[in-house]
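J.: predicted model follows, preceded by the sequence.
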Amino acid sequence: MSGYGEVLRIPAVRSVLLFGSLARIPNFGLGILLTLLVVEHLDPRYSAAGAVGAVVTIGMALSAPWRGHLLDTIGLRRTCIPSLVVLAPTYVGIALATQYWLLLPLAALAGIMAFPVSSLTRSAIIGATPPH
């Protein structure tokens with residue numbers, strides 16, 4: 001445990017961990033937002049909302065290794081800029097979706113293009129800690 005204490009005493013590591021925790025909030029909020037959107041406006045069944053949430057989660061799970069690899073090989077900007085470009089119209093499309101079946105591919109795209117928060121946090125912690 002002393003190794004963890006040594007790492008946590010580094011101010012940059014504490015900042016990165018705080019940033020990493022705060023950066024995960026939108027991903028968690030997306031699931032809640034989609035659940036409310038589906039149940040209130042598209043399909044009153046929570047099973048339908050759960051399916052949309054599962055699509056987002058599966059998209060995130062499938063893309064996380066790929067996005068982490070891109071982060072390590074091509075860098076932060078070239079990995080995250082496509083997310084900004086794709087997610088902005090995707091979120092608008094999600095908000096404007098009038099049918100349940102239109103929402104599913106948008107939810108999948110939102111999951112696939114979600115920011116690689118865990119990979120970003122991992123890379124930042126590696127950069128903030130000494131090699132030993």
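T.: That came through fine.

J.: all contacts plus neighbour counts: C-alpha atoms, from now on.
T.: Fine.

J.: show me where this structure has its helices.
T.: Remark: helices assigned in the chain by DSSP state H are 2-8, 11-23, 25-37, 46-74, 76-96, 100-112, 117-128.

J.: among the ones you listed, which is the most enclosed?
T.: Ranked by mean neighbour count, the helices of the chain are led by helix 100-112 with a mean of 20 (mean count of other C-alpha atoms under 10 Å).

J.: by contact count, what packs against that helix?
T.: helix 46-74, helix 76-96 (3 or more C-alpha pairs under 8 Å, 6 or more residues apart in numbering; DSSP states H and E).

J.: can you lay out these as JSON lines showing distance to Ser21 and mean pLDDT?
T.: Shown next, in JSON lines, are the helices and strands packed on helix 100-112 (distance: least, C-alpha to C-alpha, whole Å; pLDDT from 0 to 100):
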{"stretch": "helix 46-74", "distance to Ser21": "17", "mean pLDDT": "91"}
{"stretch": "helix 76-96", "distance to Ser21": "18", "mean pLDDT": "91"}
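
J.: Pro11 is nearest to which of those?
T.: helix 76-96 (21.8 Å; C-alpha to C-alpha).

J.: got a list of contacts for the closest one?
T.: Arg67, Leu70, Leu71, Leu103, Leu106, Ala107, Leu109, Ala110, Met113, Ala114, Phe115, Leu120 (C-alpha atoms under 8 Å, 6 or more residues apart in numbering).
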